[in-house]
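**Student:** Have a look at this prediction, sequence included:
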Amino acid sequence: MYDLTVIIPTFKEESNIGTIVESVDAVFLQNGINGEILIVDDNSPDRTIERVRDLQKSKPHLSLVVRTEDPGLSQSVVEGFHRAQSDIFLVMDADLSHPPALIPVMLTEIRDGSDIVIGSRYMKGGGIKKWPLKRRIISMGATFLGRLLFPEIHDPVSGFFAVKKDVVVSAPLKPKGYKILLEVLGKGMWREAKEIPFEFVDRATGSSKLKGQTIVEYAEQVIDNARFSWNHHESAVWQEWVKLFRFGIVGLSGIVVNEGVLIYLKGYAHVILPVASLIAIELSILSNFVLNDTWTFKTEQQHALPHWWQRLLSFQIVSLGGAGINFVILNALAVYFGVDYRIANILGILVAFAWNFWVNRRVTWKHV
Ligand code: GDD
Ligand code: MN
């Protein structure tokens with residue numbers, strides 16, 4: 001039994017296969033990792049398979065699967081999951097876009113308790129080298145769509161990730177197209193995901209197999225994963241939606257608090273309007289905070305902001321930002337674009353709500 005299996009899907013990689021196998025092997029050796037390298041090839045018409053067979057002569061831990069049906073990157077990776085001879089899988093490209101030096105780091109994270117470790121291009125310290133503008137735009141669009149499902153994950157479509165066998169072996173994965181990680185996140189049984197930044201370097205030789213059809217397949221995949229979570233309430237996506245829903249309920253309760261306090265202060269206690277209004281707004285922010293902290297985000301065990309007063313401060317600032325957004329949108333639409341002020345206000349409220357949830361999720365109640 002190996003410590004981990006590095007799964008490398010290949011199609012026409014004769015110019016890269018030798019280098020990637022040797023580099024992964026060197027990392028195994030330097031770090032005392034008893035690893036397996038598993039090449040899953042879609043019956044490449046070039047010399048890829050021959051090269052692997054050659055390398056196998058001196059490397060007993062190098063395995064090869066040659067597929068002849070249902071070709072595809074995701075399909076190959078899933079086949080790799082079933083053929084691997086270890087309990088930890090690490091998926092990476094053959095074209096040296098993903099640095100093998102990160103393998104031991106990712107392995108350590110898995111051993112320390114993460115279910116999934118993602119090599120992430122879209123977080124601080126990560127990046128992409130040598131990509132034309134068109135690819136960057138497509139990738140950003142795909143990432144945005146993916147993050148609708150997983151707001152906490154910076155790079156849900158990375159091709160570089162490690163995962164525990166338990167997360168994927170019995171998951172009902174529907175592998176199709178390029179984005180196997182999205183499928184793993186959407187349907188795998190996981191709780192802890194960790195991201196590690198890395199710099200993606202575009203292939204030096206050979207060519208990318210990304211096609212226009214890939215984009216359509218990807219959109220279908222996002223919808224399919226959304227539907228899946230609707231039917232599987234334990235899934236990570238569903239849990240996120242529950243939080244969004246609760247956050248909305250709390251927001252509505254804040255309106256009631258705000259209005260109630262205002263009526264009481266102005267109507268009964270005869271406090272002057274600006275003062276009454278400020279108190280009403282502040283009390284609704286406070287009650288929203290208490291409800292979100294004890295209800296909406298109660299399942300988060302460990303917060304990045306450990307003290308309640310840190311979260312309160314953060315929530316307070318974000319709420320003021322939300323109020324500012326509401327104000328600007330209402331006035332800009334009504335004054336400059338002639339939009340009916342009631343509709344302009346609803347739009348302002350919706351954008352402010354999105355802002356409040358997004359930022360609070362990522363800062364105030366960030367999970368560690
Ligand atoms: N078995 C198999 N079958 N392997 C394939 C196939 C296929 O149909 N198509 C591509 N591969 C292999 C390539 O040989 C390479 O090892 C890896 O999958 C990535 O393919 P590239 O063609 O180099 O993809 P890319 O660089 O355009 O896309 C990269 O970025 C995406 C995120 O933007 C990859 O890292 C993807 O995995 C990643 O999702
Ligand atoms: Mn590539």
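**Tutor:** Perfect, I can see it now. Residues are numbered from 1 along each chain as shown. Ligands and ions are numbered 1, 2, ... in the order given.

**Student:** now the strands for this structure?
**Tutor:** 4-10, 35-41, 62-66, 88-91, 116-120, 127-129, 161-164, 193-197, 199-201 (DSSP state E).

**Student:** Please convert those strands to a markdown table, extending it with distance to residue 334.
**Tutor:** Where C-beta positions appear, they are placed from N, C-alpha and C, glycine not excepted. Shown next, in a markdown table, are the strands of the chain (distance: least, Cβ to Cβ, whole Å):
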| stretch | distance to residue 334 |
| --- | --- |
| strand 4-10 | 54 |
| strand 35-41 | 58 |
| strand 62-66 | 62 |
| strand 88-91 | 51 |
| strand 116-120 | 41 |
| strand 127-129 | 41 |
| strand 161-164 | 47 |
| strand 193-197 | 41 |
| strand 199-201 | 44 |
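
**Student:** Residue ranges of each domain in the chain, please.
**Tutor:** Split into domains by automatic domain parsing, the chain comes to 4-230, 237-364.

**Student:** Could you identify which of those is most buried?
**Tutor:** Neighbour counts (mean count of other Cβ atoms under 10 Å) averaged over each of the domains of the chain peak at domain 4-230, with a mean of 18.

**Student:** Quick one: end-to-end distance for that domain.
**Tutor:** 33 Å (Cα to Cα, to the nearest Å).

**Student:** Can you lay out the strands of the chain as a markdown table showing mean pLDDT and distance to residue 173?
**Tutor:** As requested, the strands of the chain are exported to a markdown table (pLDDT from 0 to 100; distance: least, Cβ to Cβ, whole Å):
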| stretch | mean pLDDT | distance to residue 173 |
| --- | --- | --- |
| strand 4-10 | 98 | 14 |
| strand 35-41 | 98 | 15 |
| strand 62-66 | 98 | 17 |
| strand 88-91 | 98 | 13 |
| strand 116-120 | 98 | 14 |
| strand 127-129 | 92 | 26 |
| strand 161-164 | 98 | 11 |
| strand 193-197 | 95 | 16 |
| strand 199-201 | 95 | 24 |
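
**Student:** and of these, who's closest to residue 25?
**Tutor:** Of all those, it is strand 35-41 that lies closest to residue 25, at 7.1 Å by Cβ to Cβ.

**Student:** Direction included, what does the closest one pair up with?
**Tutor:** strand 4-10 (parallel), strand 62-66 (parallel) (DSSP bridges).

**Student:** Ligand 1 contacts on the stretch 1-150 of the chain?
**Tutor:** For the stretch 1-150 of the chain, the contact set with ligand 1 under Cβ under 6 Å from any ligand atom comprises 9-11, 13, 40-42, 71-73, 76, 93-95, 97, 139.

**Student:** related to what we said a few turns ago, select, out of the strands paired with strand 35-41, the one closest to residue 296.
**Tutor:** Closest to residue 296 of these, according to Cβ to Cβ: strand 4-10, at 37.2 Å.
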